[in-house]
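S.K.: Below are the sequence and a predicted model; questions follow.
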Amino acid sequence: MSAYLDHAATTPARPEVVAAMAEELGRIGNPSSLHTAGRAARRVVEEAREQVAAALGARPGEVVITGGGTEADNLAVKGLYWARRAADPRRRRVLVSAVEHHGVLDPAEWLAHEQGAEVVHLPVDATGRLDVAALRAELEADPASVALVSVMWANNEVGTLQPVAEVVAAAAEHGVPVHSDAVQAVGAVPVDFDASGVAALSTTAHKIGGPVGVGALVVRRGTALVPVLHGGGQEGGVRSGSVAAASARALGLAAELAAADQPAHAARLADLRERLAAAVLAAVPDAVVHGSPDPALRLPGLLHVTVPGCQGDSLLYLLDARGVECSTGSACTAGVPQPSHVLRAMGLEDATARGALRFSLGRTSTAADVDAVAAALGPVVERARSAGLAVQR
């Protein structure tokens, strides 16, 4: 059996979530229909909305069910931009951290190419943490021109937590809304939407024990948002399209369980991560661990390393052949022959960045998985180097 260490890409659905979704799939009814079956489906959706809201510290009316994290990010970035630009045409600048997921970066760049936006990539330090002083400088330079700020809660490649509270405080001085992609954070660290002060927050089910294909954008009450999808006006007119009751039920239950388990889950993953880090460095002493060295400033279950003289893709395939499944970074860019934009933003040279491996732990991870990495990594690195797969410097 393989040792699966790619939970940041997707994690197994919890058995109780699968059972609930399967039960709902056996029923019929469109939540927008007014007959008995439709009303029953609507109850399922609204109960799921309440579960998501309770898990994230939000009001049920603030939860917009989407097709996943990428749709939620697109709705936030484009929707906030269009709404703010409509209210004041001067608001054309979009401030994003340089280490955002492509779910945020790509819609921002689309706005630049197609809608006249000016995208500003905010710098980060060597751990991948946002430079708040740089954000303040951009806001103060011309506050009337800023449409929105988007800074993720936790980085998906190196696991560094971002200073969301400081970002919100800086933006609030100028009345600028903040969006945060919290896809990796929910269930791993405490996430409280109301207390955070962000205007919008993205999450998805398949990172917290739910299915692929459903997520949510939490939008603070009173925040203007222009829809990306137009049609039947479902989800309060913000996101059209028939809501899949089965998917909504799965999302709600997964969010509820993830929130309830979060403290114990995080503690267990942190212990496994430390054991994994020690095993990796014992097997490959010249490997370099990236991200924040402070456990309080990083995701508990993610370990990112670079291996000098090796290509990450080669290491990944060799590890896979030995039954260890991990990644070189974001699953959304896997196979793309270029260094990670996250690592570049952190100041790593291209040759170093190409030797990246990301090990991410989840609910089903065990000490046996760590032992599998410990047994496989040394021989894999030796083979990669001796077989001429080393990076040319």
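M.R.: Yep, it's here.
S.K.: So A144 sits against R92, correct?
M.R.: No: with contact defined as CB atoms under 8 Å, A144 does not count as touching R92 (10.3 Å). Heads up, the C-betas are built off the backbone N, CA and C, glycines and all.
S.K.: And for A368, the neighbour number?
M.R.: A368 has 9 neighbours, counted by other CB atoms under 10 Å.
S.K.: so which strand or helix has it?
M.R.: According to DSSP states H and E, A368 maps onto helix 367-386.
S.K.: That helix: which residues count as buried?
M.R.: By 16 or more other CB atoms under 10 Å, the buried positions in helix 367-386 come out as 369-370, 372-378, 380-381, 383-385.
S.K.: Now V219: closest residue in space that isn't a chain neighbour?
M.R.: A200 (5.1 Å; CB to CB, 6 or more residues apart in numbering).
S.K.: and that neighbour, what are its phi and psi?
M.R.: phi -150, psi 150 (degrees, to the nearest 10).
S.K.: gap between it and G355?
M.R.: Going from A200 to G355 by CB to CB, to the nearest Å gives 36 Å.
S.K.: looking at it, the residue nearest to V219 is touching R221, isn't it?
M.R.: No: applying CB under 8 Å, one finds A200 not in contact with R221, separated by 11.4 Å.
S.K.: who has more neighbours, the two?
M.R.: Set side by side, A200 and R221 show more neighbours around A200, with 27 against 9, by other CB under 10 Å.
S.K.: Local confidence estimate at the more buried one?
M.R.: In this model, A200 is scored at 98, pLDDT.
S.K.: and what of Q338?
M.R.: 78.
S.K.: Where does it fall, secondary structure wise?
M.R.: Counting by DSSP H and E, Q338 is part of no helix or strand.
S.K.: Surely I28 touches A37?
M.R.: Yes: between I28 and A37 there is a contact at 5.5 Å, judged by CB under 8 Å.
S.K.: more neighbours, those two?
M.R.: Each of I28 and A37 has its neighbours counted (other CB under 10 Å); A37 has more, 14 against 11.
S.K.: Skipping adjacent residues, who's closest to the more buried one in space?
M.R.: The nearest residue in space to A37 (CB to CB, 6+ apart) is G29, at 3.4 Å.
S.K.: these two touch, right, the one you found and V45?
M.R.: No: with contact defined as CB under 8 Å, G29 does not count as touching V45 (10.1 Å).
S.K.: Give me the common contacts of the two.
M.R.: A245 (CB atoms under 8 Å, 6 or more residues apart in numbering).
S.K.: The two: which is more packed in?
M.R.: For G29 and V45, the more surrounded residue by other CB under 10 Å is V45, and the numbers stand at 22 against 18.
S.K.: now the strand or helix carrying that one: mean pLDDT?
M.R.: Element membership for V45 (DSSP H and E) is helix 36-56. Helix 36-56 carries an average pLDDT of 98.
S.K.: Other residues contacting that helix?
M.R.: By CB under 8 Å, 6+ apart, the surrounding residues in contact with helix 36-56 are 24, 27-33, 58-60, 62-63, 65, 186, 191-193, 201, 203, 216, 218, 243, 245, 248-249, 251-253, 255-256, 258-259.
S.K.: let's go with 7 Å and repeat that
M.R.: Counting contacts by CB atoms under 7 Å, 6 or more residues apart in numbering, the residues outside helix 36-56 that touch it are 24, 28-32, 59-60, 62-63, 65, 186, 191, 193, 203, 216, 218, 243, 245, 248-249, 251-253, 255-256, 258-259.
S.K.: So what pairs up with the residue nearest to V219 in the strands?
M.R.: H179, V219 (DSSP bridges).
S.K.: Contacts only, for it.
M.R.: A76, L80, H179, L217, V218, V219, R220, T223.
S.K.: Report the contact partners of the nearest residue to A58 once chain neighbours are set aside.
M.R.: In space, and not counting its chain neighbours, A58 is closest to F193: 4.2 Å by CB to CB, 6+ apart. Taking CB under 7 Å, 6+ apart as the criterion, F193 is in contact with L56, G57, A58, L201, V218.
S.K.: what about 8 Å?
M.R.: L56, G57, A58, E62, L201, V218, R220.
S.K.: Distance check, it against V164.
M.R.: Note on F193: its distance to V164, by CB to CB, is 11 Å.
S.K.: and if you look at G215?
M.R.: Distance from G215 to V164, by CB to CB: 19 Å.
S.K.: Which one's more surrounded, the two?
M.R.: G215 (28 against 22).
S.K.: Write down the beta-bridge partners of that one, one by one.
M.R.: Bridge pairing for G215 - DSSP bridges - gives T66, T204.
S.K.: the strands in the stretch 201-350 of the chain, which residues?
M.R.: 215-219, 288-290, 302-306, 324-325 (DSSP state E, counting those that start in this stretch).
S.K.: Restricted to helices, list the contacts of helix 36-56.
M.R.: Those of the contacts of helix 36-56 mapping onto helices are E24, F193, A245, A248, R249, L251, G252, L253, A255, E256, A258, A259, per DSSP state H.
S.K.: follow-up on the earlier one: residues contacting the residue nearest to A37?
M.R.: H35, A37, G38, R39, A40, A41, A245.
S.K.: of these, buried ones?
M.R.: G38, A41, A245.
S.K.: and the gap between the last one and G233?
M.R.: So the one you mean is A245. 18 Å.
S.K.: and if you look at the second one?
M.R.: To G233, A41 is 17 Å away according to CB to CB.
S.K.: repeat for the first one
M.R.: Distance of G38 to G233, computed by CB to CB: 16 Å.
S.K.: For the stretch 1-150 of the chain, give me the ranges with low pLDDT.
M.R.: Applying pLDDT under 70 to the stretch 1-150 of the chain flags no residue at all.
S.K.: so L148 sits right up against V178, yeah?
M.R.: Yes: using CB under 8 Å, L148 is in contact with V178, at 7.2 Å.
S.K.: Can you check which residues contact both of the two?
M.R.: With CB under 8 Å, 6+ apart, L148 and V178 have common neighbours A199.
S.K.: What's the local residue count around the nearest residue to L80 once chain neighbours are set aside?
M.R.: Distances taken as CB to CB, 6+ apart place L148 nearest to L80, at 4.4 Å, with adjacent residues excluded. By other CB under 10 Å, 26 other residues sit near L148.
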